[in-house]
Each structure stands twice: as structure tokens, then as C-alpha cells.
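Peer 1: I'd like to go over a predicted model; first the sequence, then the structure.
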Amino acid sequence: MPRLAGKVAVITGAGSGIGEATALLFATEGAKVLAFDKNADTARATADAIRAAGGTAEAMTGDAGEEADVSRVFDAAVEKWGQLDIVFANAGIPGGWIPLRDQTPERWAEILRVNLIGPFLAVKHASRHMVPRGQGSIVCTASVAGINANAGIHPYSASKAGVISLVKTSAYSLAGTGVRVNAVCPGIIETGMTRPTIARLRELGREVQMGKLTPLRRNGMPNEIATMVLYLASDEASYVNGQAIAIDGGLTASMPYDVGQKS
Amino acid sequence: MPRLSGKVAVVTGAGSGIGRAASILFAAEGARVIAVDKTTDAVNETAARVKAAKGTAQAVAADAGSEADVAAFIAKAIADFGGLDVVWANAGIGGGLVPLGEQTLENWNEVLRVNLLGPFLAIKYAMKHMVPKGRGSIICTASVAGLRANAAGHPYSASKAGVISLVQTSAYSLAGTGVRVNAICPGLVETGMTKPIFDRARESGNESRIGQLNPLRRAASPDEIATVGLFLASDDASYVNGQALPVDGGLTSSVPYVQQRV
């Protein structure tokens, strides 16, 4: 039996990378998927790919950091399919690599709006539908950048640290309701967001070094995150709650170290 | 010899609680202190207490989340005292305890502005003066709420988690410069911000239950946080960097548990 048979899932940032991979995997496992993205073309492409493979999906366009849009997408899922079981609040923006001294409060506020306020809005409005039914699983995309330094720019890192906090505090807010809230913390994953960085390192001939930093000696792929999200979304994870789980090849298991050194 | 002899320190949120205790302690240890708070009367009182104890302090009324204000009070430290060695970005707001479904973006944005963008701005402007001198210590007040749930409201907790991240990421930005950046995560401390909790407990006859969840079985005084700030500010902490130190009586060393009646 498929692991998400009969369930309804909303995925934000579903047009590319981790969100796209998760949408395709969820549908393969029997979920009806509402693919939400700010880019109408990519959201539609994800839904089309699911339907081409015999699955059920709809596409919707909106801003994951905008309260009206977030509220609307969950209402639409319930209107279309009668319930809401799973939310993957995955949409995020990277923020570039701007030196600390050149960063502005305006840029910080925008990154916090999408990466942190977005998941807050997802929890706020998803729980509206989930609590009355006494069940649900909410998964937010945090990052290893929310755990330690040097995995993202300052506001990106702070926003992801905030997401890790949000799933813990929200797990307690939803205590006794049957709704679980968890986060995934991807490491270096090859997605649209990280492609420029990886391409630049490849040009510089330093790609090998980056892979070397993890004990697995390679970057991760979006599907390797999607499988963890599937686990957290499914009933198999029925006692997993309030956790932020790193999927990073072991990167955060270490403090900085000399790459040439034998450990 | 005083532990901050000859040093210049800026402390925000200095009008009450941890910030006032820190200002008084830093001055007693020989630092010249710029005491910053949004409430003029409160920060004047802090400076008056420092002076009464034969210390040196200047009071500044300012918004620790405003870029122009942060630039101005950092510049004032240089102008008045000729240098900048220690910055403790301590100002913060509680944000209230509003149910998740009723929280507003306005409150989230204001809590993030003061509690998280404030420390970011403090680092941004402090480093301009510290990096050329090749030394300095920046301390940010985070909270156990940034580590775990159930210590405060959602936006407060998220802002403090962001502060913990900020000291880690900024420690790397300042790698090799001689400037250290650390955070303190206070647990239950009786301050202006937490006073309503303590007042409510006393009114309802539950004073004896305050702090019973941590292994020390009591709340902290602001002085017990200020002493950790003194350590981080001083050269004693010369190899401590990028850390968030819980000062919580052991509270965050436990998952939630049911208290045994003895």
C-alpha cells in the first residue's frame, strides 16, 4: 500500500529542487498534491509531471510569505479534496553572499519574511484545518545554516535558525491536537538555489573540495531530502515531533577541520 | 586589577534588569560605559548609580533596532571615550503570549526588529571600530527560548534562535580579526520584562513554585547573568568565540518532565 494513500498535501516552493522532488514522490505514494510556487510555469510543470505519471495534482501560484496567499492555498486544497493532511512549507530564498558590513535591514526583512514568516503562516493556517480533524503533519524546510555558521549568509542562517525554533514552539502550541510539526535541515543539496554556487566552485576547480567536507564526500540530491519529508509526513513518524533533522552527509557532525588532515 | 580596566563598553537595554546590572558591574570593574535604553529616565538612573559608585557612564536614549540610532551611540562611545572594546547588545522585548492562531505579522516584525535586527546592527557598527584595532568582544543576549519551546512566545523564541545563529555566522565573518562574538541564553531571570510573571505568581500564592523546573530550584538575579557577560567581555575569555551559553540553572539540559512531589 502506498505510504500516503488518501492523503492531501500542500507543498510550497514546489516548482523546483526539493519541493519539486517531494511533490513527485508524495504523488507516487498516493497523495493528492497541491503544488504551490511563486513561479506559475514551474508550479504547473510539477503538477503536469505528476498527472503524466498517473497521479493527482493541482498547481497554484502565490507568495509563501504573504498571509492572504497562504490562507488561500490551504482553503483551496480543502475545497478541492475535502481535507488537509500534510503541509510541506519549503519555499525559501537564499539571500546571496553579501559581506556583513554591506547588509541592510531591508534585505534582512525580506529574507525573514519568506523563510521564517512563511513557515509561521503555514503553521498558523494549516493548523486551522488540521486541529478539528485531530491529525496532520507539518514539515518546514530549515537548513544546516540554521545550526552552524558558513552554510549561508547571516540573514538566511538566522531565518533558518528561526524555523528550527518555530517547529519546537509550535509543537507545544499544538500539544494534544494530533498535529505534528517538524523541520528538515538540508546540507549542500544540488538545487536551483545552490546551482550558481556549485557552478562557480566547479569553474574554480574546487567542487571536489566541497564534497570532501562531508563524510559522504559528495553533495546531496533533492530526492534525498524528499525521502525524509515523506517519512515525517507519513504515519510511520507518529512519535516524531518538534524535531529539526539534519540531512547533510554528516556536515554538522563536525566543527571546522583541516581537509588534508586524517581523522 | 579590575577586569575591564581601561576598556570602553556599550550596553543596550541598560535601563533595567540584565543591562542595568551589567552596566554597574562593568563600571565597577574599571570600564567606561555607554548605557543605552529606549527609556530616558531608566537609563539616567543607571548612569547615576554608576556615578554614585565612583564609576564612569554616559546615558543615551535610543532605539536599539534603529540603524541610525545604533550608528549614533557607537559613534558616541568613540567620541566621548576614545575607543570601543566591548558591546553588549542586550535590548529586547517580550512580544507577549498570544495564541499562535491570533498572532499578527505586525507583532512578529516588531519583535524581530528589536531582538534580532538590533544585535545585527550592533555587530555591523561595532566591527567598524574593533576590526582596525584588532580586538574587541561583542556579546548578544539570546535566551533559552531560542533553544527550546515553552520559554516564551513564538516570535520571541524565533528572534532569540536567530541571535544564536547570528553570533555563530558573525564569528566566522570576523575570523582572524581579533574580535570575538558570543551570546548568553538566560533562563528564568527576574527583570522588568519578566516582572508580570513574578507578580502573577506572588498574587496567586505560587511564589514558591517559581523556578522549580530547573535543578537549582530558583530564578536567577540579573547579576548572575551580568557576571557571565563580564567573563565574555574580559580577556579571560580570549578563546571563547561563536558560542551561545545557557545560564539557566540547568533548565535546557532536560526535556519536559513531570515533577515528583516530595
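Peer 2: Perfect, thanks for sending it. Residues are numbered from 1 along each chain as shown, chains lettered A, B, ... in the order given.

Peer 1: near chain A, which residues of the stretch 101-250 of chain B show up?
Peer 2: Counting by CB under 8 Å from any CB of the partner chain, the stretch 101-250 of chain B comes close to chain A at B:101, B:103, B:105, B:108-109, B:112-113, B:116-117, B:120-121, B:123-124, B:127-128, B:145-146, B:148-150, B:153-154, B:157-166, B:168-173, B:242. (Glycine included, C-beta is placed from N, CA and C.)

Peer 1: please compute how far stretch A:214-233 lies from its chain's middle.
Peer 2: Averaging C-alpha positions (CA atoms, centre = their mean, to the nearest Å) puts stretch A:214-233 11 Å from its chain's average.

Peer 1: so for that stretch, first residue to last residue, what's the gap.
Peer 2: The straight-line separation of the ends of stretch A:214-233 (CA to CA, to the nearest Å) is 27 Å.

Peer 1: what about that stretch, average pLDDT?
Peer 2: Per-residue pLDDT values across stretch A:214-233 average out to 91.

Peer 1: tell me the buried residues in it?
Peer 2: Buried residues in stretch A:214-233, counted by 16 or more other CB atoms under 10 Å in any protein chain shown: A:214, A:219-220, A:222, A:224-226, A:228-233.

Peer 1: hey, C-alpha coordinates of the worst-scoring helix or strand of chain B on mean pLDDT in CSV?
Peer 2: Across the helices and strands of chain B, the lowest-confidence element by mean pLDDT, DSSP states H and E is helix B:195-203, at a mean of 87. Written as CSV, here are the backbone C-alpha positions of helix B:195-203 (Å, rounded to 0.1, in the frame of the first residue of the first chain):
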residue,chain,number,x,y,z
LYS,B,195,8.1,41.1,36.2
PRO,B,196,4.5,40.3,35.2
ILE,B,197,5.2,36.6,35.5
PHE,B,198,6.6,37.0,39.0
ASP,B,199,3.9,39.4,40.1
ARG,B,200,1.2,37.0,39.0
ALA,B,201,2.9,34.1,40.8
ARG,B,202,3.1,36.1,44.0
GLU,B,203,-0.5,37.3,43.8
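
Peer 1: what about the strands in the stretch 1-150 of chain A?
Peer 2: A:8-12, A:32-37, A:56-61, A:86-89, A:136-141 (DSSP state E, counting those that start in this stretch).

Peer 1: the last one pairs with which strands, parallel or anti?
Peer 2: Using DSSP bridges, strand A:136-141 pairs in its sheet with strand A:86-89 (parallel), strand A:179-186 (parallel).

Peer 1: close to chain B: what parts of the stretch 151-263 of chain A are there?
Peer 2: Counting by CB under 8 Å from any CB, the stretch 151-263 of chain A sits next to chain B at A:152-155, A:157-166, A:168-174, A:242.

Peer 1: okay if I get the strands of the stretch 1-150 of chain A as a markdown table plus mean pLDDT and mean neighbour count?
Peer 2: Converted to a markdown table, the strands of the stretch 1-150 of chain A look like this (pLDDT from 0 to 100; neighbours: other CB atoms under 10 Å in any protein chain shown):
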| stretch | mean pLDDT | mean neighbour count |
| --- | --- | --- |
| strand A:8-12 | 98 | 30 |
| strand A:32-37 | 98 | 30 |
| strand A:56-61 | 98 | 20 |
| strand A:86-89 | 98 | 30 |
| strand A:136-141 | 98 | 27 |
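
Peer 1: report the contact partners of residue 166.
Peer 2: All of this is about chain A. A:116, A:119-120, A:123, A:140, A:183, B:154, B:157-158 (CB atoms under 8 Å, 6 or more residues apart in numbering or on different chains).

Peer 1: wrong one, chain B
Peer 2: By CB under 8 Å, 6+ apart, the residues touching B:Leu166 are A:154, A:157-158, B:116, B:119-120, B:123, B:140, B:183.

Peer 1: and these, which is closest to A:Gly17?
Peer 2: A:Ser157 (18.6 Å; CB to CB).

Peer 1: that closest one against A:Val163, yeah?
Peer 2: No - counting by CB atoms under 8 Å, A:Ser157 stays clear of A:Val163, with 10.7 Å between them.

Peer 1: strand partners (parallel or antiparallel) of the longest strand along chain B?
Peer 2: Ranked by number of residues, the top strand in chain B under DSSP state E is strand B:179-186. Partners of strand B:179-186 in the sheet, by DSSP bridges, are strand B:136-141 (parallel), strand B:244-247 (parallel).

Peer 1: now that strand, how far from the centre of its chain.
Peer 2: 9 Å.

Peer 1: for A:Ala76, give its distance to A:Thr22.
Peer 2: To A:Thr22, A:Ala76 is 19 Å away according to CB to CB, to the nearest Å.

Peer 1: tell me where the stretch 101-250 of chain B has helices.
Peer 2: B:105-112, B:118-133, B:154-173, B:195-203, B:222-233 (DSSP state H, counting those that start in this stretch).

Peer 1: need the winner for burial among those.
Peer 2: helix B:154-173 (a mean of 28; mean count of other CB atoms under 10 Å in any protein chain shown).

Peer 1: which of A:Ala76 and A:Thr22 has more neighbours?
Peer 2: More neighbours surround A:Thr22 than the other of A:Ala76 and A:Thr22, with 32 against 17 (other CB atoms under 10 Å in any protein chain shown).

Peer 1: for that one, give me its contacts.
Peer 2: Counted by CB under 8 Å, 6+ apart, A:Thr22 has contacts A:11, A:14, A:88, A:90, A:222, A:225-226, A:229-230.

Peer 1: quick one: low-confidence ranges for chain A?
Peer 2: A:206-212, A:259-263 (pLDDT under 70).

Peer 1: before we move on, what about chain B?
Peer 2: B:259-262.

Peer 1: at 80 what do you get?
Peer 2: B:254-255, B:257-262 (pLDDT under 80).

Peer 1: tally of neighbours for residue 177?
Peer 2: No chain specified, so I'll use chain A. Using other CB under 10 Å: A:Thr177 sits among 15 other residues.

Peer 1: should've been chain B
Peer 2: Going by other CB under 10 Å, the residues that sit close to B:Thr177 add up to 15.

Peer 1: doesn't B:Leu117 make contact with A:Pro105?
Peer 2: Yes - the pair A:Pro105 and B:Leu117 passes the contact test of CB under 8 Å, sitting 5.4 Å apart.

Peer 1: sweet, I'm off.
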